[in-house]
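In: kindly generate the corresponding structure for this input.
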Amino acid sequence: MWTDEEIKGKILHKLTRLGKFGHSHTSIDNLPKGFPQEIRGRVKDMSKELKKEGILFSKPTSYGEEISINPQMKEKIMNYINKFLEKDS
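Out: Next up is the predicted model:
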């Protein structure tokens, strides 16, 4: 079973691999892709929490919400990613 921290870690790991920092955005609808079907609903909830924590930036557009990583939150981001990577090993 995935914990909330592991889901946040995978979200952030995915966005860092894609280079989605600052002004480079991706659709929030793309986040659940790559997650197991049964936790995709929780992915959206965790992305909302990451926005509240200030880790993710949100950019409303005419075609939907876009998100990117706040590069100034590097320490918190790495903590979440490390928790996710520990799960995988």
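In: quickly note the distance from the nearest residue to residue 66 once chain neighbours are set aside to residue 59.
Out: Nearest non-adjacent residue to residue 66, counting by CB to CB, 6 or more residues apart in numbering: residue 25, 3.7 Å away. Every C-beta, even on glycine, is put in place using the N, C-alpha and C of the backbone. Between residue 25 and residue 59 the computed distance is 6 Å (CB to CB, to the nearest Å).
In: does the residue nearest to residue 66 touch residue 65 like I think?
Out: No. Counting by CB atoms under 8 Å, residue 25 stays clear of residue 65, with 9.3 Å between them.
In: which one's more surrounded, those two?
Out: residue 25 (18 against 14; other CB atoms under 10 Å).
In: ranges for the strands of this protein?
Out: 26-27, 56-61, 64-69 (DSSP state E).
In: among those strands, which is nearest residue 6?
Out: With distances scored as CB to CB, the stretch of the strands of the chain nearest to residue 6 is strand 56-61 (16.6 Å).
In: list the buried residues for the closest one?
Out: 56, 57 (16 or more other CB atoms under 10 Å).
In: got the angle between it and strand 64-69?
Out: Interaxial angle of strand 56-61 relative to strand 64-69 (axes from the mean of the first three to the mean of the last three CA atoms, to 10 degrees): 150 degrees.
In: the residue lying closest to residue 29 once chain neighbours are set aside: what's it in contact with?
Out: For residue 29, ignoring the flanking residues on the chain, the nearest one in space by CB to CB, 6+ apart is residue 64 at 6.4 Å. Applying CB atoms under 8 Å, 6 or more residues apart in numbering, we find residue 64 in contact with 27, 28, 29.
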